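# Fold the following.
(chains A and B)
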Amino acid sequence: MKGSTASELRSDKQEPTHPQHTIRTILHSLREYRKASLLTPAFVFLESVLEIVIPTIMASLIDQGVSGRSMPAIFKFGLILLACSAVSLVSGFMSGRYAAIASSGLAKNLRSDLFAKVQSFSFTNIDRFSTGSIITRLTTDVTNLQNAYQMVIRVGVRAPIMVIVAWIFSFRISRPISMVFLIAIPILGFGLIGLSLLVHPIFERVFHTYDHLNNVVDENLQGIRVVKSYNREDHEERKFDGISLAIYRAFCKAERIMSLNPALLNFCIYASLLVISWMGASQIVASGNNASLGLTTGDLTALVTYAIQIMMAMNMVSMIVVMVVISQASAERICQVLDEASTVHDPANPVMEVADGSISFRDVTFRYSDRSERPVLNHIDLDIPSGSTLGIVGGTGSSKSSLVQLIPRLYDVTEGSLQVGGVDVRQYDLAVLRDQVAMVLQKNVLFSGTIAENLRWGNPQASDEELVHACTLAQADGFVNEFPDGYQTHLDQGGTNLSGGQRQRLCIARALLKKPNILILDDSTSAVDTKTDRLIRQAFSQEIPDTTKIIISQRVASVEDADMIVVLEEGRILDRGAHQDLLRTCREYRSIYESQTRNRGKEDEDHE
Amino acid sequence: MSDESFKDRKPRLDRAAPGTTRRLLGYLMAYRWQLVVIVVCIIISAGAQAASAFFLQPLIDHYILPLVGATDPDWGPLMRTLILMGCLYAVGTFCSWFWNWLIVKVEQGTLKTIRDQMFAHQQELPIGFFDTHEHGDTMSRYTNDTDTLRQAISQSFPQMVSSVLSALAALISMLWLSIPFTVLTLVFSAVLIVVVRVLVTRSGRYFVHQQRYLGQVNAFVEEAVNGQKVIKVFNHEDATAKVFEARNEELFHASAQANTYGNVTMPVVGNMGYLLYVILAIVGGLAGIAGMRNAGLTGAGPLTLGTIVSLLTLSRSFINPIGQVSMQFNMVMMALAGASRIFDLMDQPAESDHGTVSLVSVELASDGRTMTPVDHETGHWAWKRDVNDDGRRSLEAAMKLPGEARDVALKAKDQAITSPDGRYTLLQGDVRFTDVSFGYDPKKPVLHDITWFAKPGQKVALVGATGAGKTTITNLINRFYDIQQGQILYDGIDVRNIRKPDLRRSLGIVLQDVNLFTGTVLDNIRYGRLDATDQECMEAARMTNADGFIRMLPQGYQTVLEGDGSGLSQGQRQLISIARAAVADPPAMILDEATSSIDTRTEEVVQQGMDALMRGRTVFVIAHRLSTVRNSDVIMVLDHGRIIERGNHDELIAKHGEYYQLYTGALELE
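Next up is the predicted model:
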């Protein structure tokens, strides 16, 4: 895979381990489709048996009916044949139906399990898989597995039955000649295994490249405005072509190796046929074509028929092998997700109630990865009484967001402890904790759906009045009502049809609907004008006085009324105190303040 | 992400779009020589296979039986025949490998072409497409839908070729033996085909559903993974899972149905084959006993037993391949379902661009008017008109405009610096909106008849309440969207007459929502100008104050960013995106809340850097932050798409109007 730039990017990344017990893990997801999975081979068995029986009836029909010029015999065997065929049709139908249900069902359960697993992931887990790779695993990989599974339960039963029955028949005719098959089949088998071992790593790589493809397409779709404003269409195409080419090359390589497969099969059939013909000829000559002495020409004809049957069955086996080889790589990738243990666990006896909105950081140190040297947060000690308002200011990259993301346990502290309501956050039931902590993130994510649906994320039972109330507090009601469809306005892909400030206010309203003990605003009013910002804060202090409020902001004006303001610098608390105190004591704070109030104009100061 | 909106997405289209097959074949035709060789090889290997079934009887009759009872059997002829057969087999084996080997290129090459074309087309789609189509669903077309073609081309196509050949061979053999029986078989086949068609149509319909639901599952996963933080913060895992299950269930249903119809086709055909067998046996038996006459291509004669037996055997050889073909049909239906989704994306109308005016770097002569285009940066850019356009064209167009628009156009034209021959107009960043109306949905306008202008070389701030249409305005200047009414002039030129790539090159844009790409920090900065050296990228980073934190990253500028730079803070991501714009060194720039997450002191440094870079060039700034806009040359306060105040910071503060309120947070007394 020369020239695959993308695959090298991730080389330093900690890859998920090779899973063990792949088959067991996958079959674990069968559940209610176990029955269908068992019925399929049962019906296939019936079908195969009939497939062997029907030719003998046909032979009788010809021998006794047509050749014997007996219409009753023709009708008799004709009826038997039709009866058998009816049974065969029914079993064929049933096996087809059950195979479809079993395989689609397995796929459904796998997707469902994968999705549930991904949902339970902490961000540390998610960082190990890219978005693109999670998507590939949930769709493409599962589809591969579904196809292979269907093939295995249908043909995987039929082919061995055909081989064994045909071999037994040939064994009864001539032991030495049946031995030819015993040599040919293993040669074919080993050949197939050898080929699949060769291509397996290539397919692993192919799907890895699929992840990159998904990532590139996803980034392109999300960043299309950047692409277009920098005229980078050609650059994107080149990037895509590189990955597309990598997939092309890997697939070509794998499939060219697999193209030896039909050749090997043909070789085995033809070689067996020639050997059988030669051995058969000498035995016939030796026996004088006398049935009582040995092999006859009729026997030879039958043997050749069996040979072709065996090889046809082996052909099916080889087709299965190809699918299984492809799906094996997929199965392993699925298992990597299923086997991944979430790094955030619910405790054994979780605390189910959050007493109040008090928060205290006790000597908290935090790193995003165990391997990073410099901690993001360095020995933080901080007490926030319930119902108070905390303001956090600090330069870009001073770990303000990291600090608050620890509170709803989006990440776990590395050292020290973080208590909410007097209890370590790790002792809470995760859902209980997060229900009491509402957080408005810096990146305002809304989902496809109406405005009302997005707001109800905060509280599914919220009445229309509550929605309006929350939006009024967040100063969003005004603009929502200006939309022709009001609260029923449909948001396109992540709310691209809203302005940044509108999205922020909807996100605040969504958080308010949770009626939390703790409300965290992570620079959530950056795109909102000062006037609106003030109105929002005013609404907070009037409407939710008992809620602990943490406000991260670049604007001093947004935090100056806070009970306490913390100044962060490079993961440490530089200073803390009320606005007036900090202006006196903290040079850093004062300079931030001054940088924002300078040039305000004389009138302004007069006014104040 | 809700049940209601999910129901709206019920499939409307139930089958693959017409013409899909022909289009697909068009792609395969790029490999017509390979295909010819492949078909020839298939015929040869099928021939070898057929020979293996038929060579036995002559072998026994002519080479084995004569040896029986011979005292000194001569094995030579038998040996020679077997060696001859061996050679035929060798050729057959070789051919079967060779076409399997050849088809890999045809198959993978076609997939690659389709993928690449699809992506290239995606780059040309208008922004509106990306706003209204779920990303995950589009992604599914590159993977799940393209994948359906893989098996169809590499397996179904050759299978169908060889099966059709076998069926034809059997039919001709039957015709040879008996015309009436062949007709009977054909009549029966007609019935068979009707049945198969019913099954295949159904499976096809469900495959279309399957691919669509797969796309929706893909879309849902994409949205859920990208919004995972919000899901967790709101404890929304269960609710999300519920919606996912609904989509998953739909996919299961479609897939189970599609595969059921696919799976039962073969048993149905096979068992109908037995029915044919019995019918032929009965008719043949009756006819044979009655001593009816028979007519074949070889001539007429009595119907012999041997003929009937051969006909029966041939009827099997005829039906079996038909079963094979019909089984392959399902793969083909699935591929068509995938292909029609791919073609659907490719058929989305591309962004139109009828612009003829392009952007060039020029050397400005001392008279301040004469411009000579050069191929290096000079700090001066000019709009270059078509060869046969000396600027009169737009003048004529302007004269036709109604009232105010004409005046504005003429005035803009007057103020533009145009070369004596009229072919070049100096890029100054003079932007004028006249009576512009626009709505993302034309039925719901968000901007009504707005009129405003920006003087060249100024730093122009657009401020106003959220939703006043500030971002929309900038999206119209660089034609992410096209206006429905009115005119936008850029240095006196209607923006619609400027080639889009040149228009966008002239206008750097930094958006509030930062999008970074997988790659190193350096690569991300270089995205602004692909031929920038490492040194230039770092220089840009230094100027925009991004250098400091980048050097603190584990591998500095070589740190690999993944997942949209998720390891960085929002402010750091904004710094990178500003550095990216700085390295592009555009003649004019739009900063749309570009520094909203950057602390004010860092911002000051960023601003100083940008001011130095953009000295004398027009810069549009959209911000809510006082510190961002106050040093602008002119501040325009927008309200509902109208300019209600205009002036510099001091003037507006003195005015105690809307601006004063917005930026002091002062509240009106109720």
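# Ranking helices and strands of chain A by mean pLDDT, which lands last?
Counting by mean pLDDT, DSSP states H and E, chain A has its least confident helix or strand at helix A:5-9, which shows a mean of 33.
# quick one: the helix or strand harbouring residue A:159 near chain B?
Secondary structure from DSSP states H and E places residue A:159 in helix A:142-173. Yes: applying CB under 8 Å from any CB of the partner chain, one finds helix A:142-173 touching chain B at A:143, A:146, A:150, A:154. Every C-beta, even on glycine, is put in place using the N, C-alpha and C of the backbone.
# and if you look at stretch A:456-470?
Yes: for stretch A:456-470 and chain B, the contact criterion (CB under 8 Å from any CB) is met by A:457-458, A:460.
# one step back: next, format the residues of helix A:142-173 next to chain B as a markdown table and append distance to residue B:484 and pLDDT.
A markdown table is the format used below for the residues of helix A:142-173 next to chain B (distance: CB to CB, whole Å; pLDDT from 0 to 100):
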| residue | distance to residue B:484 | pLDDT |
| --- | --- | --- |
| A:143 | 43 | 93 |
| A:146 | 47 | 94 |
| A:150 | 52 | 92 |
| A:154 | 57 | 88 |
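# Can you tell me which of the residues you listed are buried?
Among these, those buried by neighbour count (16 or more other CB atoms under 10 Å in any protein chain shown) are A:143, A:146, A:150, A:154.
# Which one of the residues you listed is nearest to residue B:380?
Nearest to residue B:380, judged by CB to CB, of these is residue A:143 at 56.4 Å.
# Now that that closest one has come up, it's in contact with residue B:147, right?
Yes: contact criterion CB atoms under 8 Å: residue A:143 and residue B:147 qualify, at 7.3 Å.
# Now residue B:649: closest residue in space that isn't a chain neighbour?
In space, and not counting its chain neighbours, residue B:649 is closest to residue B:630: 4.3 Å by CB to CB, 6 or more residues apart in numbering or on different chains.
# pLDDT at the one you found, what is it?
At residue B:630, the pLDDT value in this model is 82.
# Counting neighbours, what do you get for the closest residue to residue A:262 other than its chain neighbours?
In space, residue A:262 comes closest to residue B:96 once its chain neighbours are excluded; the distance is 4.9 Å by CB to CB, 6+ apart. Close neighbours of residue B:96, defined as other CB atoms under 10 Å in any protein chain shown, add up to 27.
# just checking, what packs against the helix or strand that residue B:96 is a member of?
Secondary structure from DSSP H and E places residue B:96 in helix B:76-124. Helix B:76-124 is packed against helix A:175-222, helix A:233-258, helix A:260-287, helix B:20-28, helix B:32-54, helix B:146-151, helix B:157-177, helix B:305-346, with contacts defined by 3 or more CB pairs under 8 Å, 6 or more residues apart in numbering or on different chains; DSSP states H and E.
# Dump these into a markdown table; add mean pLDDT, distance to residue A:294 and mean neighbour count as well.
Shown next, in a markdown table, are the helices and strands packed on helix B:76-124 (pLDDT from 0 to 100; distance: least, CB to CB, whole Å; neighbours: other CB atoms under 10 Å in any protein chain shown):
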| stretch | mean pLDDT | distance to residue A:294 | mean neighbour count |
| --- | --- | --- | --- |
| helix A:175-222 | 89 | 10 | 19 |
| helix A:233-258 | 93 | 42 | 20 |
| helix A:260-287 | 88 | 3 | 21 |
| helix B:20-28 | 92 | 54 | 15 |
| helix B:32-54 | 88 | 24 | 17 |
| helix B:146-151 | 89 | 47 | 22 |
| helix B:157-177 | 87 | 34 | 19 |
| helix B:305-346 | 86 | 27 | 22 |
